[in-house]
Structures are given as structure tokens and as C-alpha cells.
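Visitor: just coords:
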Ligand SMILES: Nc1ncnc2c1ncn2[C@@H]1O[C@H](COP(=O)(O)OP(=O)(O)O)[C@@H](O)[C@H]1O
Ligand SMILES: [Mg+2]
């Protein structure tokens, strides 16, 4: 039995002992989902028969479990997606301190009963913020997988209604839907609904939405974890900001993480010996941008029937992504040299672009005499 199985068993036992059949069944169904995704089909079927013996479920639970996801009355768009993220399937690369903060949050939720007994429980809420493409959505998936809870992601296009009063109604319905079973509720693009209440024009509606959010956040229990993500934390209402027990900023990756990201994305196409160069050149890029460069390089390699991505091509793409445009090979060589003389020795530059050291020397000094 692994940690997650034990988590489910203790949750089911706890619910059964206090006589909460709804909750016991909800955990059992999640356990079944989990067994099924990990390939334990026979065990899942056996437990499935037990869960089917349950008398008719209450409407609220029936809706939560695979039932109808609420839709916006006007646009008919669903206001949420529900999925079960398999544990171990989320490859999240973050600094040690960020990973520790996330692991600690997961432990606080798992151990919330003991912490609460001792008067030091925390609200199961975490706000993720920072520039786009650095792993906020991925972190939400990681946390849901670690907790073994379904991930209910609110879709801001469905949630936000152009009709007066409907957005706050949708927020209420979203929380109702989420409360029907233990889950991780994830509000992505959170600023879209949690904007400051002094935002001029739509004042009345915004106030209603924010108040509705605050009330619903305050009513969360330990079986309902709330995660929210925003690229624009300065737009958030300050009362909402304060409601989150944990707030984690995910910035662009540090040098070590950039190396790991590039290796992960290039995988078997990674040219060897260029880690430091790629890391140096991708400073300031987001994880998502590094993935774009890596995917381009793999595409080029595949088209050329090569087993390894071209290091010079990657270097030039990284220069382009970071806004230092290098139009041709010679100017790229000069730019790299100017960027870091220690890293880009004449020998290294020659190896990168496939020229001899004297040829590089000539290119570098041609620039010199012109400049
Ligand atoms: N820290 C990270 N670890 C692994 N992959 C990442 C990371 N940051 C970004 N990526 C890549 O970029 C994509 C977008 O990341 P995402 O989590 O959606 O960013 P955000 O929600 O912060 O805008 C991911 O699907 C992944 O491919
Ligand atoms: Mg995102």
C-alpha cells in the first residue's frame, strides 16, 4: 500500500465511522478511479460493486460524480472541467524552495485533522501567481494528483457572463458543484473574476462577484482544496489576496531549472555538452518559451533525419526568443562572444557552428576592424 492508498483508506474509514456515507462513497469512487488508471482493473471492479450497492444518492453528490457540469445560462458554455490526474504523471520542474512550499502545502492538507486538533490548521487555499508559462497550471495538476483528488478547473469563458448578475450566480453554482464531492477546485485566470472592487464601470457586478467569492472561500472545508492562478496579481482584490493561506510566486526558471527543462523537452534529441550554453542563453525565458525552442529544434532534426538537434540552431533560436536578434551566422558568433567571453571561447564557437578556430578568429576580428 502506498501513501495515497493509505490516504483513501483513512478518509473512507473516517467518513464511515462518523456515519457520513456520502463522503465515504465519494472517496471510494475516487479510489476506484485511481486504481483503474493505474491498471488494477480487477480490484477496481470489485470495489465498484460495493459502491453500486449504495442506495440512491442525493442529487448534490450525483451531480458531482461524473454528472452534469453546470453551464452558463446565456452562453451555454460549461463553467468547469473535471478530470482525474494520475499520480506521477505531472513532470514539474521548479526550484527546490518552490517544490518544498508545494510539498508542504500537500502535507498540511493530508494532515489537516492533526493540525486542526492542535489549533494550527490552515485554510486549504493556495494562490499561484507570476508571469505566464512558468508552471502555475502544471502545479495545480501536480497538487491534485498528489492529493488523489479530482481536479475541477473553472473555465473563465463559461464563468463570466455578459448578463448582469449572472457571473456571481455562476460563481455560486461552481462552488455548489465543487462541494458535492471532495476535490481540488482550480480557478485559473483568477483575476478575471477577483478584480479589485474599485474597477470603475462594472462596480456593482464586481462587488457581487467578489463578495460571493469571499463567502464561498470562507465556507471551504479540508476536503475541498482551492487553488487559484493569476498572471496579474496586482489586479486582485486585497481581501481576496489575504484569504489565501499560501501564496506562491512562480517566476521564470533559474539556471539549473532551465537546464532541466531543456533536457526534458529535447529528451533523446539533446546534443551533449551544451547544457551551460543553453542555460546561459535562455535566461529570462519562461518554461513555455523553452519548450517552443526545443520543439522547433526537434522538428528540424526529424525533417533532416537526424537523431540529434542542432546546437547552433538552438542557440540562435534562444537569442531570437530573448529578443537579441541575430540575422546571420557571423553576427550570431559575435553576439555570443560579446555575451560571455568565458563560455564562448573561439574553440567553443567553432564547435557550435562547425568552423575551425582560425575561421572564428577571423570572423571576430573582422567585426573589430569594422567597429
Ligand atoms: N516549471 C515547469 N516545469 C515543467 N514544464 C513547464 C514548467 N513551466 C512551464 N512548463 C511548460 O510550459 C507549459 C505551460 O505551463 P503552464 O503551467 O500552463 O504555465 P502557466 O499556467 O504559469 O501560464 C507546460 O505545459 C509545460 O510544457
Ligand atoms: Mg496557466
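Guide: Now that the structure is in, tell me what you want to look at. Remember, predicted model here, so these are calculated numbers, not experimental data. Ligands and ions are numbered 1, 2, ... in the order given.
Visitor: interface residues of the chain facing ligand 1?
Guide: 92-94, 132-138, 229, 287-288, 291 (C-beta under 6 Å from any ligand atom). The way it works is simple: take the backbone N, C-alpha and C, and place the C-beta from them, glycine included.
Visitor: ok, 8 Å please
Guide: 91-94, 128, 130-140, 188, 229, 231, 250, 253, 257, 261, 264-265, 286-288, 290-291 (C-beta under 8 Å from any ligand atom).
Visitor: just those: which are in helices?
Guide: In helices, defined here by DSSP state H, the members of the residues of the chain next to ligand 1 are 136-140, 257, 261, 264-265, 287-288, 290-291.
Visitor: just the buried residues out of those residues, in PyMOL syntax.
Guide: Restricted to buried positions by 16 or more other C-beta atoms under 10 Å, the PyMOL selection for those reads:
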select buried, resi 136+137+138+139+140+257+261+265+287+290+291
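Visitor: residue in the chain nearest to ligand 2?
Guide: residue 137 (3.4 Å; C-beta to the ion).
Visitor: for that residue, what are its contacts?
Guide: The contact partners of residue 137, taken as C-beta atoms under 8 Å, 6 or more residues apart in numbering, are 188, 229.
Visitor: I'd like the ones in helices among the residues of the chain next to ligand 1 as JSON lines, with pLDDT appended.
Guide: JSON lines is the format used below for these (pLDDT from 0 to 100):
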{"residue": "136", "pLDDT": "97"}
{"residue": "137", "pLDDT": "97"}
{"residue": "138", "pLDDT": "97"}
{"residue": "139", "pLDDT": "98"}
{"residue": "140", "pLDDT": "98"}
{"residue": "257", "pLDDT": "98"}
{"residue": "261", "pLDDT": "98"}
{"residue": "264", "pLDDT": "98"}
{"residue": "265", "pLDDT": "98"}
{"residue": "287", "pLDDT": "98"}
{"residue": "288", "pLDDT": "98"}
{"residue": "290", "pLDDT": "98"}
{"residue": "291", "pLDDT": "98"}
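Visitor: for ligand 1, state which of the ones in helices among the residues of the chain next to ligand 1 is nearest.
Guide: Closest approach between these and ligand 1, by C-beta to the nearest ligand atom: residue 287, at 2.5 Å.
Visitor: quick one, what contacts that closest one?
Guide: 93, 133-135, 252-253, 257, 261 are the contacts of residue 287 under C-beta under 8 Å, 6+ apart.
Visitor: ok, 6 Å please
Guide: Applying C-beta atoms under 6 Å, 6 or more residues apart in numbering to residue 287 gives the contacts 133-135, 253, 261.
Visitor: which residues of this structure score low on pLDDT?
Guide: Regions of the chain meeting the criterion pLDDT under 70 cover residues 54-67, 162, 164, 196-203, 326, 367-371.
Visitor: interface residues of it facing ligand 2?
Guide: Along the chain, the residues adjacent to ligand 2 under the rule C-beta under 5 Å from the ion are 136-137.
Visitor: show me how the chain divides into domains.
Guide: Following automatic domain parsing, one gets these domains for the chain: 1-55, 67-249, 255-370.
Visitor: residue 102: which element?
Guide: Using DSSP states H and E, the element containing residue 102 is helix 96-110.
Visitor: list the buried ones in that helix?
Guide: The neighbour-count check on helix 96-110 (16+ other C-beta under 10 Å) flags 98, 101-102, 105-106, 108-110 as buried.
Visitor: what residues of the helix or strand following that helix count as buried?
Guide: Toward the C-terminal end, the helix or strand that comes next after helix 96-110 (DSSP H and E) is helix 112-117. Using 16+ other C-beta under 10 Å as the test for burial, helix 112-117 gives 112, 115.
Visitor: for the biggest strand by length in the chain, packing partners?
Guide: Assignment by DSSP state E gives strand 224-230 as the longest strand of the chain. Packing contacts for strand 224-230, counted by 3 or more C-beta pairs under 6 Å, 6 or more residues apart in numbering; DSSP states H and E, involve strand 125-129, strand 183-187.
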